[in-house]
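A.B. asks: please find the sequence and the predicted model below.
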Amino acid sequence: MKRIFAVTRTRGQDYDSSRPLEEQLEWRIHAEFMDALYAEGFVLLAGPLEGTQNVLLIVRAGNADEINARLAEDSWTRNGLLRTTEIAPWTLRLGSLG
């Protein structure tokens, strides 16, 4: 059974903080990968947490192992630009994800 998870990722050792997001190594490949995860319904919401080095993903998956496996396919994971710091099941109490 699929559940909803909140996933926090943070900048890795190879993220160049002097460059904008769109100028990071393999930006287009990363963006296309994330767009594909969204299109298939794995990623429901995603975006940087302003004022931090973190990104929040809301995903639908069976378990944390599935999430780690899917995110390991991201070029930014392989290239050390992003790493997962927390995966927590999330119970949505108000609102809807559709």
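C.D. replies: That came in fine, so what should we check first? Everything quoted here is computed from the prediction, not taken from an experiment. Numbers count the residues shown, from 1 in each chain.

A.B. asks: how much space separates the residue positioned nearest the centre of the chain from S18?
C.D. replies: In the chain, the centroid-proximal residue (C-alpha atoms, centre = their mean) is L57; its distance is 4.7 Å. According to C-beta to C-beta, to the nearest Å, L57 and S18 sit 25 Å apart. C-beta: built from backbone N, CA, C; applies to glycine.

A.B. asks: now do the SS call for the residue nearest to the centre of the chain.
C.D. replies: strand (DSSP: H, G, I helix; E, B strand; the rest coil).

A.B. asks: for the closest residue to G12 other than its chain neighbours, phi and psi?
C.D. replies: Distance criterion C-beta to C-beta, 6 or more residues apart in numbering; nearest residue to G12, sequence neighbours excluded, is G80 at 4.3 Å. Phi and psi for G80, reported as degrees, to the nearest 10, are phi 80, psi 20.

A.B. asks: residue contacts, G80?
C.D. replies: Contacts for G80 (C-beta atoms under 8 Å, 6 or more residues apart in numbering) come out as 12-15.

A.B. asks: go again using 10 Å as the cut-off
C.D. replies: 11-15, 25 (C-beta atoms under 10 Å, 6 or more residues apart in numbering).

A.B. asks: read off the pLDDT value for it.
C.D. replies: On the pLDDT scale, G80 is placed at 97.
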